[in-house]
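# coords please:
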Amino acid sequence: MLLRQETLDGIVAGRVTCAFRRWERPRVKAGTRLRTPVGVVAVTDVTPVNPAELTAEDAEASGQTLADLQAMLSRSTGEVWRIALHADGPDPRVALRSTPVTPADRAALDARLARLDRTRPWTAETLAIIAAQPGVRAPDLAAQLGRETAPFKRDVRKLKELGLTESLEVGYRLSPRGESYLAP
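I've put the predicted structure just below:
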């Protein structure tokens, strides 16, 4: 579920407590935790609503005017869902990125990377190219490796989950943890 930066800022400030979406079926469920640029956002409830019964208070809770909310909902089809949201703390990957690799971590990371490399080895070359070319666009890095962009980006996200890389406004770089992992 994509949320605009303005909405995310409102969630963190406590001004925005819900979002509305038109979907054939819910795409999130209560208990979902979304990692966002402002930290983790928790979904606490997903309820179908009648769009004709939405009020100015509903719109305000989503950070919009009623007219803007109705206009947004009119651009798509499907049932209207109210998604209750709240800020749920910092993204745990941020702290992980700055944690140096211990010997126990190294063994666990080696095993995890070996599992990721099972069908096709890619982790070492991906870490190496990001280390050598921080801030380079993903399509350019993928092309250098003879890969399609979408699968390359998916793989970099797997490394990000392990705290080894971080996204920049353009491209990626190794995190301090990633640098620590690659250090001799």
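
# Report the distance from stretch 15-35 to the chain centre.
14 Å (Cα atoms, centre = their mean, to the nearest Å).

# List the contacts of that stretch.
Under the criterion Cβ atoms under 8 Å, 6 or more residues apart in numbering, residues 1, 3, 7, 10-11, 40-46, 49, 54, 58, 61-63, 69, 72-73, 76-86, 88, 91, 93 lie in contact with stretch 15-35. The way it works is simple: take the backbone N, C-alpha and C, and place the C-beta from them, glycine included.

# Among those residues, which ones are in strands?
Here DSSP state E is the test, and the contacts of stretch 15-35 give 40-46, 49, 79-86 as lying in strands.

# Of those residues, select the buried ones using a ChimeraX command.
To isolate the buried subset of these in ChimeraX, counting by 16 or more other Cβ atoms under 10 Å, use the following:
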select :40,41,42,43,46,80,81,82,83,85
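
# Relative to L182, which of the ones in strands among the contacts of stretch 15-35 is nearest.
The nearest member of the ones in strands among the contacts of stretch 15-35 to L182, counting by Cβ to Cβ, is V40 at 28.0 Å.

# and that closest one, what does it touch?
Counting by Cβ under 8 Å, 6+ apart, V40 touches 33-34, 87-92.

# would you turn those into JSON lines with neighbour count, pLDDT and distance to T126?
Listed next are those as JSON lines, based on neighbours: other Cβ atoms under 10 Å; pLDDT from 0 to 100; distance: Cβ to Cβ, whole Å:
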{"residue": "R33", "neighbour count": "14", "pLDDT": "95", "distance to T126": "26"}
{"residue": "L34", "neighbour count": "18", "pLDDT": "95", "distance to T126": "25"}
{"residue": "A87", "neighbour count": "18", "pLDDT": "97", "distance to T126": "32"}
{"residue": "D88", "neighbour count": "14", "pLDDT": "96", "distance to T126": "30"}
{"residue": "G89", "neighbour count": "10", "pLDDT": "93", "distance to T126": "29"}
{"residue": "P90", "neighbour count": "12", "pLDDT": "91", "distance to T126": "26"}
{"residue": "D91", "neighbour count": "16", "pLDDT": "87", "distance to T126": "21"}
{"residue": "P92", "neighbour count": "13", "pLDDT": "86", "distance to T126": "22"}
